[in-house]
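[1] Provided below for reference: sequence and predicted model.
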Amino acid sequence: MRKILCANFYRLRKDKFFWSAFLSLLALPVFISFISYQSNLGQDHDPIYVETVLFNLFPVIAFVCAVLIVLYLGTEFDENTVRNKLSVGHTRKEIYYANYLTCITFSLSLLLICLLSSGVAGYIFFRDFLLSRTRITFLILCCILCMMVFSAISVWLTMNIHRKSTALVATLLVMFAIMIFASYLEGVLEEPEMTYSSVTVTMEEVELGEQVPNPSYIGGTARTIMEFVFDMLPSGQAIQINNMNFDRCLRWPLLSVIMLAIITAAGYLPFRRSDLQ
Amino acid sequence: MEYVLQTDNLTKKYRNFQALNGLSMHVPKGAIYGFVGKNGAGKTTLIRLICGLQEPTSGEFSLYGIKNNSRDIVKSRRRMGAVVETPAIYLDMTAEENLKQQYLILGLPSYDGIPELLKLVGLENTGKKKAKHFSLGMKQRLGIAVSLAGDPDFLVLDEPVNGLDPQGIVEIRELILKLNHERQITVLISSHILDELSRLATHYGIIDHGRMVRELSAQELDAASRKCVCIEVSDTAVLARVLDSMNLEYRIHSETTADIFAKINVTQLTIALAKENCEVLSIQENDESLESFFISLVGGTKQ
């Protein structure tokens, strides 16, 4: 596997998409921080914390990495170079896991450079931290594990579809589907338990009626299951990280590891048996 | 005889299509083995199986005596290089970078052999030109160079001259002969360009509908083929009389041309015809061996 990893990293070093994304993710947080700082100057907005800048781009990085992984790995199938590995005696297991490790390194380097750039830019422009250092470190760990799950999804689809364009469409569809599903869950879970029977808005005041149970609120076992699914999905974690909602973050690492194991097995098992051209 | 590749009753089925149907073949060490068959006969399927791209449905094969279901098959694959259908190269890399990539895959300690390999396939002057800007022949030669990176003893080439111009065909042919003669590399070439194959192969395997129809050496093919002499004379009626008296098989095409299916003594025939006042205008030996032999085995019409 070491040999394939060396070869993969050699190709990664020459990958122009990777370097373009690397430079973009280095510059983008600085630009966004600067714009936020300018628009906040002298106005009475809510304060912006370093963490807001730090985790703001996380869902974007996840999407960018998913697409770049398909472009990088898909080349092996479009240009049939995966044959060069198999026909000289490397096993499918070595190929799958070496590709997976390469893609994880690929996406984590983009994530870390973006976090670093965001952290430095956030600190220069806003200075104030909302969370403790330990908490921030833990959340960065959560981001890393969540990114590994996103990468695993891309690797799974690309290694089993065997055609770059189809794999790209499939990956985007899956990414959008899990993002939309997580947004739906977020909307449902954010419904308050109680609501007002009526709200009257006049020129002078807002008049609220009596408090009644919210029919859209989901409680009990159903809520527990929905929260579990929301936390298990990498898109769910990404949305919560982006919204700075860390209520249930302690279980995120474990759930990410479980997802990672499931997706990797789901990707490797069909690849082991598949017919390559 | 020592065999590099042997298959035994090899079968591959894709849903409702039987690509290989109990194929048994034997590739002797040091041979240039021409694997002949129509499109869809199962040539590429066999190559995919031996390269590990696909698994057989049933049956087995052995590479250097190691069976495909053994864990050690990966070791024998390290002694093998292959170009399956299209050359497997990174189009966004130069020839040298493609070879470096393959050297890393093989875990070779240095890149020292790359210039020699590029020279061997005639790509030493490509510099920083990316493979996507190469001609088809150059891509094919780079594919062969990549397959040679591990210094293999056995080279598998699937339709190596498909789509090449005449110059490209000659270059690939010379390269294959050079590899076989100078480096003693056993070569398995699949092709349906029979004329080209007959200039290279020392052994043939003829496949049809996923089955091996016949395996034979070039000498056996030569012996099995009918020799044909095309002759142009002033009067084929006289020629027919003379050939009948000599007890030779022939076919008259027109009043002046005919084919004789035998090895003839030209002097004797010319004297016999001269005695009957028949002139010999031209005479030509046709070696239609492989093509005719193939058609006689698998049927179809000669183009």
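    Noted; the coordinates are in hand. On a predicted model such as this, the values are computed, not experimentally measured, just so you know.
[2] burial of residue 175, as a residue count?
    You didn't say which chain, so I picked chain A. As a burial measure, A:M175 scores 21 neighbours (other Cβ atoms under 10 Å in any protein chain shown). Any C-beta I mention is one placed from the backbone N, CA and C, and that applies to glycine too.
[3] Wait, chain B was what I had in mind.
    Using other Cβ under 10 Å, B:L175 is surrounded by 20 other residues.
[4] hang on, it packs against B:L120?
    Yes - taking contacts as Cβ atoms under 8 Å, B:L175 lies within contact range of B:L120: 7.5 Å.
[5] Which residue, other than its chain neighbours, is closest to the residue in the stretch 201-303 of chain B positioned nearest to chain A?
    Taking Cβ to the nearest Cβ, chain A has its nearest neighbour within the stretch 201-303 of chain B at B:G210, 15.6 Å off. The shortest distance from B:G210 to any non-neighbouring residue, by Cβ to Cβ, 6 or more residues apart in numbering or on different chains, is to B:N21 (3.6 Å).
[6] before we move on, which element is the closest residue to B:I114 other than its chain neighbours in?
    Nearest residue to B:I114, sequence neighbours excluded (Cβ to Cβ, 6+ apart): B:L99, at 4.8 Å. Using DSSP states H and E, B:L99 sits within helix B:95-106.
[7] ditto for A:S39
    Going by DSSP H and E, A:S39 is in helix A:16-40.
[8] Could you list which residues are in contact with the spatially most central residue of chain A?
    Residue closest to the average C-alpha location in chain A (Cα atoms, centre = their mean): A:A62, at 3.8 Å. Listed by Cβ atoms under 8 Å, 6 or more residues apart in numbering or on different chains, the contact set of A:A62 reads A:146-147, A:150, A:175, A:234-235, A:238.
[9] what's the spacing between it and A:R272?
    Look at A:A62 and A:R272: by Cβ to Cβ, to the nearest Å, they are 27 Å apart.
[10] can you check A:R2 too?
    From A:R2 to A:R272 the distance is 20 Å (Cβ to Cβ).
[11] Same question for A:A152.
    Taking Cβ to Cβ, one finds A:A152 at 16 Å from A:R272.
[12] Show me which of these two is the more surrounded one.
    Between A:A152 and A:R272, A:A152 has the larger neighbour count (other Cβ under 10 Å), namely 26 against 12.
[13] which residues sit in contact with B:R48?
    Neighbour list for B:R48: A:275-277, B:54, B:84 [criterion: Cβ under 8 Å, 6+ apart].
[14] swap in A:A266?
    A:A266 is in contact with A:W156, counting by Cβ under 8 Å, 6+ apart.
[15] Secondary structure class of it, three-state.
    helix (DSSP: H, G, I helix; E, B strand; the rest coil).
[16] ok, A:A121 touching A:P29?
    Yes - here A:A121 reaches A:P29: they are 5.0 Å apart, a contact under Cβ under 8 Å.
[17] overlap in contacts of those two?
    By Cβ under 8 Å, 6+ apart, the residues touching both A:A121 and A:P29 are A:V53.
[18] Give me the distance between A:N243 and chain B.
    Distance, A:N243 to chain B, by Cβ to the nearest Cβ, to the nearest Å: 39 Å.
[19] which one is that residue nearest to, not counting chain neighbours?
    The shortest distance from A:N243 to any non-neighbouring residue, by Cβ to Cβ, 6+ apart, is to A:E186 (8.0 Å).
[20] What is the distance between the strand or helix carrying the residue nearest to B:G210 and the centre of its chain?
    Here B:N21 is covered by strand B:17-28, with elements defined by DSSP H and E. Computed by Cα atoms, centre = their mean, to the nearest Å, the separation of strand B:17-28 from the middle of its chain amounts to 16 Å.
[21] Let's verify A:I225: helix, strand, or coil?
    Following three-state DSSP, A:I225 is assigned to helix.
[22] give me the number of residues near it?
    A:I225, neighbours per other Cβ under 10 Å, totals 11.
[23] Same question for B:P115.
    Residues near B:P115, counting by other Cβ under 10 Å, number 12.
[24] So which bits of the helix or strand where it lies are buried?
    Counting by DSSP H and E, the element that carries B:P115 is helix B:114-120. Buried residues in helix B:114-120, defined by neighbour count with 16 or more other Cβ atoms under 10 Å in any protein chain shown: B:114, B:117-118, B:120.
[25] out of the contacts of B:R48, which are buried?
    Applying 16+ other Cβ under 10 Å to the contacts of B:R48, the neighbour count classes A:276, B:54, B:84 as buried.
[26] where exactly do the helices run in the chain?
    Answering for chain A, as no chain was given. A:2-13, A:16-40, A:50-56, A:58-78, A:82-86, A:92-126, A:133-161, A:164-189, A:220-232, A:234-242, A:252-273 (DSSP state H).
[27] if you could check chain B rather than the one you did, that'd help
    Under the criterion DSSP H, chain B contains helices at B:43-51, B:73-77, B:95-106, B:114-120, B:136-148, B:166-183, B:194-198, B:218-224, B:236-246, B:266-275, B:289-298.
[28] what's the average pLDDT for the second one?
    Mean pLDDT, computed over helix B:73-77, is 86.
[29] Phi, psi for A:G89 please.
    For A:G89, the backbone dihedrals (degrees, to the nearest 10) come out as phi 100, psi 10.
[30] Hmm, B:R78 and it touching each other?
    Yes - under the criterion of Cβ under 8 Å, A:G89 makes contact with B:R78 at 4.4 Å.
[31] Of these two, which one has the most company?
    A:G89 (20 against 16).
[32] Got the confidence number for that one?
    On the pLDDT scale, A:G89 is placed at 83.
[33] give me every residue that touches it.
    A:G89 makes contacts with B:52, B:73-78, as judged by Cβ under 8 Å, 6+ apart.
[34] any chance of the residues you listed in CSV, plus distance to chain A?
    Shown next, in CSV, are the contacts of A:G89 (distance: Cβ to the nearest Cβ, whole Å):
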residue, distance to chain A
B:G52, 5
B:I73, 8
B:V74, 4
B:K75, 7
B:S76, 8
B:R77, 4
B:R78, 4
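[35] Can you say which of those are buried?
    For the contacts of A:G89, buried by 16+ other Cβ under 10 Å: B:52, B:73-74, B:76-78.
[36] what does the stretch 151-277 of chain A put close to chain B?
    A:273, A:275-277 (Cβ under 8 Å from any Cβ of the partner chain).
[37] pLDDT and distance to A:G219 added to those, as a markdown table?
    Putting these into a markdown table (pLDDT from 0 to 100; distance: Cβ to Cβ, whole Å) gives the following:
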| residue | pLDDT | distance to A:G219 |
| --- | --- | --- |
| A:R273 | 84 | 45 |
| A:D275 | 84 | 50 |
| A:L276 | 83 | 50 |
| A:Q277 | 78 | 53 |
